[in-house]
Structure formats: C-alpha cells, structure tokens
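K.L.:
Starting from these lines, generate the structure:
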Amino acid sequence: MLRITGTLLPLVVVPIGLLVRQGILDNRFYSSDAWYAATAIGFVIIAIAQYIVTRYRPSPQAYLVFSVAYHVFGIAFLLTVTGFLSPILVCWIALMVAVDAYFGTIAFLISGLALVATGLASMLLLRLSGYEAIEVFFYCLFILSVGLTISRIRNITDKERVALTKTQQEENFQHQRLLALVNSMGDAVIATDEQGVVKLYNAATLGLLDTNANLTNKKIDKILQLYGQDNKRVRILEQAQEKRVVFARTDLVHRFKDSEEINLYLNTAPIQLSYQSAGEKGFIFILRDITKEKSLEEERDEFISVVSHELRTPVAIVEGNISNIRILQERGASKAILNRALDDAHEQIMYLAKMINDLSTLSRAERGLDSAGVDINTTEVLNELFKTYQDRAHKKGLSLNLDLQPRLPHLTTSRLYLEEILQNFITNAIKYTKQGSVTIIGHHTKDGVYIAVKDTGIGISKSDQRHIFEKFYRSEDYRTRETSGTGLGLYVTHKLAAKMGAKIDFESRLNHGSTFSIIIQQKK
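P.N.:
Residues are numbered from 1 along each chain as shown. Model prediction:
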C-alpha cells in the first residue's frame with residue numbers, strides 16, 4: 001500500500017504545482033519555474049525508483065534512502081512552490097505513517113520534527129503574518145494528530161494481526177497434531193457436524209471402506225450403507241441425534257456396491273466443545289472391521305454346540321455299559337457277557353480319548369503353540385513313520401510300502417504339525433483299506449517336497465468329497481460307520497497345514513482308493 005502511495009504521489013504533486021504556477025491556486029510563495037521543475041522531476045524519479053527497487057529488491061537501506069528523499073523534496077516543494085499552508089501538506093501524513101511502519105516511533109518523531117521545522121522555516125523565510133503563523137501552528141497540530149492517530153491504529157492493528165497469526169499458527173499446529181494422532185489410529189475415525197456432514201476422517205477409513213474418494217462434506221449415511229440383523233437399513237446419524245450419548249453396536253454390517261458385506265464395530269460419541277456449551281457440535285464415529293471376530297465367535301458357538309453333542313453319546317454309552325456291568329455282576333452273568341460290555345465301554349473311552357487328543361492338537365494350532373520351524377530330515381521322518389505303522393498294517397493283512405526319491409531335501413517347519421498330519425493320513429488309510437496296500441510317498445517337485453499316502457481302500461464318493469475337511473463330518477457310507485472316528489482328524493489336519501503354510505490335496509474314487517497329499521515349500 002505504501003509503495004503504491006509513493007508511486008502515485010507525483011500525480012498529486014505535479015498538478016498542484018502547475019495550478020499554483022498558473023495562479024489558479026495561491027501563488028504567493030512560488031519562487032521560480034526552476035524550483036518547480038526540479039522538485040517535480042525529483043518526485044517522479046524517486047517514485048519510479050522506489051516502486052522498482054522495493055518491489056524486486058527491498059531492503060532497509062533502500063527504504064531509508066527513499067524516506068529521506070521524500071522528506072527533502074517535500075520540504076523544498078512546500079517552501080519554494082506551494083507554501084506551507086497548501087493542501088499538499090496532507091501528503092505529509094503518508095510520509096509519517098510510512099516511516100513509522102518501516103522504522104518505528106523514533107522515525108515518526110523525526111518526521112514530525114521535520115514538519116514543525118518546515119513550518120517554522122516558512123514563517124521566518126516567507127515572513128508570514130500573525131494570523132498565518134497561527135494557521136501554520138494548527139496545520140502542524142492537525143497533521144501530527146492525524147498521523148499519530150493513524151500510526152497508533154496501525155500499531156494496534158499490527159499487534160492484533162501478529163496475535164491472530166500466532167493464534168492461527170497454534171490452531172494449525174493443534175489441527176495437524178490431531179490429524180497425525182487420528183491417522184496413526186488403526187481404527188477408522190470419522191468426525192461430522194450435527195447434520196452428519198463429514199469434516200474429518202483418517203486413512204484407516206479409506207482402507208475400511210475400500211475407496212480413494214474424498215469423503216469431506218459427504219453425509220455419513222451416504223458413506224456407510226449399514227444394515228441390521230433384520231436386513232433393514234440403519235441410519236446411524238438418526239440414532240446419534242436421538243440418543244445424544246456414547247453408544248456402541250456390533251450387530252451392523254456395511255454393504256459395498258458389489259453386495260459384499262463386512263461386520264462392523266461402531267462406536268458413536270457426541271462432541272461438546274466445553275462443559276458449559278449448550279448442545280453437541282457434532283459426532284465422532286469409530287469403526288472397526290470385526291468380520292473375522294464375528295466368524296470366529298459363530299464358529300466357536302457352533303463348535304461348542306457340536307462338541308457337547310458329540311461327547312454326549314459316548315458318555316451315555318459308557319455310563320450305560322458300566323451300569324449294566326454292575327447289574328450283570330449282581331445277577332451272576334458269565335465272564336464273556338461282562339467282557340463284551342467292558343469292551344464296548346473301553347471302545348467309547350478310546351473314542352473320547354481320540355477326540356480329546358484331536359481337540360488338544362487343534363487348540364495348540366489355533367494358539368500357535370509348537371509351530372516353531374526346525375530343520376527336518378524328510379527321509380528320516382518318513383522312514384520312522386513307516387516303521388511305526390508297519391506292524392499295524394501287517395496285522396490287518398495290508399502291505400505298507402515306502403516310495404522315496406533319493407536325497408530328499410530337508411524342510412524347515414513344525415515337526416509336530418507335520419507328523420500329526422502324516423499320522424492322520426496313514427491311520428485313515430489303514431482304517432479304510434480292507435485289502436491291498438498303503439504307500440507312503442516322498443518326492444521332490446518344483447513347488448517343494450510332495451508327501452502323500454496312497455491306499456487301495458473304499459475311496460470317497462463325490463458327494464462326501466465336498467465335506468471331508470469339515471469338523472465332525474463322517475460319511476454316510478456304511479463301511480465308514482463300521483469303524484469308530486470323531487470326524488475331527490481331517491479337519492485338524494487341514495488347520496495344521498494352513499498354520500504351516502502348506503497345501504493339502506486329495507484324489508479319490510469310490511471303491512478304488514484315495515491319495516492324500518501335502519506339498520511343503522522349501523525355505524530358502
């Protein structure tokens with residue numbers, strides 16, 4: 001503003017000097033055309049130089065030079081062209097404000113003293129009358145008062161501007177710190193106003209909603225497509241406005257455009273600026289994807305229900321057999337009858353032991369216990385399993401074979417998990433094979449080490465193949481029902497393989513046997 005004012009000053013000074021020269025204005029104090037030309041040209045040169053220098057290379061020294069020059073030429077113009085009592089004197093106010101802005105109070109006082117000195121000089125040099133001397137006094141008083149007033153207002157304004165800038169910087173810092181805090185949260189956070197218009201959100205929100213779109217100024221109920229357990233649309237803003245308290249829900253699902261759904265934990269809290277504030281100023285929504293937790297919870301409830309059902313039958317049989325044995329003993333039943341009842345009870349006890357063992361293995365796998373990878377000699381492990389189950393296969397009249405490629409590579413994985421999986425394969429193969437053979441296979445492939453157990457048993461029907469890895473599932477084939485089993489073996493095997501990062505596969509044809517295999521990648 002000051003730079004523009006200085007640039008425009010010649011447009012005021014030159015015309016007024018010209019009017020004085022022509023006698024249109026009071027020309028009693030007009031000295032000569034030389035003084036007029038010199039001062040007018042000086043103002044023009046200073047204005048142009050000041051505009052250029054301060055626009056492109058401003059410096060305190062430049063401001064000082066131009067301020068002094070304006071004062072010198074101003075004094076000369078007043079004393080030689082227009083006289084002190086000219087309207088041009090009002091421009092001195094701009095000079096005083098400028099030096100005060102650039103150099104402070106001392107410069108302002110020096111400019112004021114220069115004004116007073118110019119007034120005194122005009123009275124002495126131009127021999128003004130008493131009335132005119134009084135006018136000079138009041139002119140000086142007016143210019144100084146207006147300049148001082150403007151200067152003080154500017155000073156107060158500058159302080160307020162500095163304070164405002166500092167406040168804005170502090171507010172911006174707090175805002176950035178809040179953003180950093182919100183963005184560091186793993187949960188999605190959305191802040192809205194009272195009408196549900198989004199004002200703030202974090203990066204986790206975009207990840208949860210699987211979008212890169214800008215959510216600012218969008219309605220919360222447009223962003224969140226929420227549905228309840230009754231499949232009815234839920235508008236969370238209406239609930240937030242109605243309740244006006246902190247509440248959470250875990251029974252909602254968010255439905256994407258492709259109809260895919262995720263279960264959400266949603267916490268809603270009203271925002272109140274202070275304890276005295278009347279009414280809330282918006283809402284904070286915290287969201288978390290709990291699809292996995294919901295699935296595990298449902299699976300756990302189902303698991304507990306099925307386990308309790310599966311345990312009830314063998315416990316009832318054992319309890320009944322033991323009660324029958326006591327009654328038979330009291331009646332003097334034969335030893336053969338008692339032994340048969342004991343065998344039935346023992347078989348059910350072994351069934352329970354097998355189920356407990358499977359459940360224990362499953363529990364350890366779910367908690368990640370015994371999952372540490374160790375160096376395993378693959379050939380050695382398969383040879384040990386072959387020796388362990390050779391007698392069992394022989395007693396059933398089966399041939400247990402070992403088909404290993406030479407120099408099988410070592411593996412780095414959980415030995416306990418691997419042995420548990422292969423034992424399940426081998427025991428199932430022996431159990432469901434009435435005649436023929438069971439073969440343990442170990443080959444090296446481009447994907448890793450291929451280990452399989454192949455049998456010539458009863459095989460699995462196509463309808464059963466879809467369910468064999470489900471917990472507690474047992475085929476309806478009467479030949480399967482002839483043997484005891486918990487229905488957990490292959491389910492546990494599948495879980496253990498997933499923990500190992502391995503892949504289980506099988507091939508089976510009814511009445512032609514089955515081949516269960518696992519491929520374990522080599523650790524590099």
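K.L.:
For Gln239, see how far away Ala248 is.
P.N.:
11 Å (C-beta to C-beta, to the nearest Å). Placement of C-beta: from N, CA and C, glycine included.
K.L.:
give the contact list for Phe283.
P.N.:
If a contact means C-beta atoms under 8 Å, 6 or more residues apart in numbering, then Phe283 has 191-192, 194, 196, 220, 237, 240, 268-271 as its contacts.
K.L.:
From the contact counts, what lies against the helix or strand in which Ile262 is found?
P.N.:
Using DSSP states H and E, the element containing Ile262 is strand 261-271. Contact here means 3 or more C-beta pairs under 8 Å, 6 or more residues apart in numbering; DSSP states H and E; on that basis strand 261-271 packs against strand 226-227, helix 236-243, strand 247-255, strand 282-289, helix 291-330.
K.L.:
mind running it again at 7 Å?
P.N.:
Secondary-structure packing of strand 261-271 (3 or more C-beta pairs under 7 Å, 6 or more residues apart in numbering; DSSP states H and E): helix 236-243, strand 247-255, strand 282-289, helix 291-330.
K.L.:
So which of the ones you listed is the most surrounded?
P.N.:
For the helices and strands packed on strand 261-271, the largest average neighbour count (mean count of other C-beta atoms under 10 Å) is found in strand 282-289, namely a mean of 20.
K.L.:
Can you tell me the strand partners of that strand and which way each runs?
P.N.:
Each strand that pairs with strand 282-289, with its direction, by DSSP bridges: strand 188-192 (antiparallel), strand 261-271 (antiparallel).
K.L.:
For the ones you listed, give me TSV that also has mean neighbour count and distance to Arg152.
P.N.:
What follows is these, written out as TSV (neighbours: other C-beta atoms under 10 Å; distance: least, C-beta to C-beta, whole Å):
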stretch	mean neighbour count	distance to Arg152
strand 188-192	21	43
strand 261-271	18	42
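K.L.:
Indicate which one of those is closest to Phe425.
P.N.:
Of all the strands paired with strand 282-289, strand 261-271 sits nearest to Phe425, with 35.9 Å by C-beta to C-beta.
K.L.:
contacting residues around the closest one?
P.N.:
236, 240, 244, 246-250, 252-255, 280-291, 294 (C-beta atoms under 7 Å, 6 or more residues apart in numbering).
K.L.:
got the contact list for Val453?
P.N.:
Val453 makes contacts with 425-426, 429, 438, 440, 516, as judged by C-beta under 7 Å, 6+ apart.
K.L.:
So it lies in a strand, does it not?
P.N.:
Yes. The assignment for Val453, made by DSSP: H, G, I helix; E, B strand; the rest coil, places it in a strand.
K.L.:
so how far is Gln50 from it?
P.N.:
For Val453, the distance to Gln50 equals 97 Å [C-beta to C-beta].
K.L.:
can I assume Leu208 is in contact with Ile286?
P.N.:
No. Distance between Leu208 and Ile286: 10.7 Å, which falls outside the contact criterion (C-beta atoms under 7 Å).
K.L.:
ok, which stretches of this structure are strands?
P.N.:
Ranges of strands within the chain are 188-192, 198-201, 226-227, 233-234, 247-255, 261-271, 282-289, 374-376, 399-404, 411-413, 437-445, 448-455, 503-508, 514-520, based on DSSP state E.
K.L.:
Give the pairing partners of the fourth one; include direction for each.
P.N.:
Meaning strand 233-234. Under the rule (DSSP bridges), strand 233-234 has strand 226-227 (antiparallel) as partners.
K.L.:
Quick one: mean pLDDT over the partner strand.
P.N.:
Taken as a whole, strand 226-227 carries a mean pLDDT of 92.
K.L.:
Then stretch 26-38?
P.N.:
86.
K.L.:
how far does that stretch stretch from start to finish?
P.N.:
Across its full length, stretch 26-38 reaches 20 Å between end residues, using C-alpha to C-alpha, to the nearest Å.
K.L.:
which parts of it are buried?
P.N.:
Within stretch 26-38, the residues that qualify as buried are 29-30, 35-36, 38, counting by 16 or more other C-beta atoms under 10 Å.
K.L.:
right, and the helices and strands packed on strand 261-271 - which one's nearest Val136?
P.N.:
For those, the distance to Val136 is smallest for strand 282-289, at 64.5 Å, taking C-beta to C-beta.
K.L.:
when you compare where that closest one runs with where strand 247-255 runs, what's the angle?
P.N.:
With axes from the mean of the first three to the mean of the last three C-alpha atoms, to 10 degrees applied, the angle from strand 282-289 to strand 247-255 works out at 60 degrees.
K.L.:
Using PDB, write out every CA atom in strand 282-289.
P.N.:
Once non-C-alpha atoms are left out, strand 282-289 reads as follows in PDB (Å, rounded to 0.1, in the frame of the first residue of the first chain):
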ATOM      1  CA  GLY A 282     -21.200 -32.900  16.000                       C
ATOM      2  CA  PHE A 283     -20.400 -36.600  16.300                       C
ATOM      3  CA  ILE A 284     -17.300 -38.900  16.300                       C
ATOM      4  CA  PHE A 285     -17.800 -42.300  14.700                       C
ATOM      5  CA  ILE A 286     -15.100 -45.000  15.300                       C
ATOM      6  CA  LEU A 287     -15.400 -48.100  13.100                       C
ATOM      7  CA  ARG A 288     -13.600 -51.500  13.000                       C
ATOM      8  CA  ASP A 289     -14.000 -54.500  10.800                       C
END
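K.L.:
for that strand, the distance to its chain's centre please.
P.N.:
Taking C-alpha atoms, centre = their mean, to the nearest Å, one finds the center of strand 282-289 at 13 Å from the center of the full chain.
K.L.:
Let me see the domain layout of this structure.
P.N.:
In the domain annotation for the chain, the residue ranges read 2-162, 188-289, 296-366, 374-520 (automatic domain parsing).
K.L.:
what sits opposite Ile520 in the beta ladder?
P.N.:
Applying DSSP bridges to Ile520 gives these bridge partners: Val449.
K.L.:
Hmm, I typed the wrong one, I wanted Phe285.
P.N.:
Residues found in beta-bridge contact with Phe285 (criterion: DSSP bridges) are Ile190, Thr268.
K.L.:
now do Ile262
P.N.:
Using DSSP bridges, the beta-bridge partners of Ile262 come out as His254.
K.L.:
Tell me the spacing between it and Phe516.
P.N.:
For Ile262, the distance to Phe516 (C-beta to C-beta) stands at 35 Å.
K.L.:
and what of His444?
P.N.:
From His444 to Phe516 the distance is 19 Å (C-beta to C-beta).
K.L.:
same check, this time on Gly320
P.N.:
Relative to Phe516, and taking C-beta to C-beta, Gly320 is found at 36 Å.
K.L.:
same question, Gly207
P.N.:
Using C-beta to C-beta, one obtains 39 Å as the distance from Gly207 to Phe516.
K.L.:
So which of those two has more stuff around it?
P.N.:
With other C-beta atoms under 10 Å as the criterion, Gly207 and Phe516 differ in neighbour count, and Phe516 comes out ahead with 24 against 12.
K.L.:
who's in contact with the more buried one?
P.N.:
By C-beta under 7 Å, 6+ apart, the residues touching Phe516 are 425, 452-453, 506.
K.L.:
Could you check the pLDDT of the nearest residue to Ile440 once chain neighbours are set aside?
P.N.:
Spatial nearest neighbour of Ile440, chain neighbours left out: Leu402 (5.2 Å); criterion: C-beta to C-beta, 6 or more residues apart in numbering. According to the per-residue confidence, Leu402 scores 91 in pLDDT.
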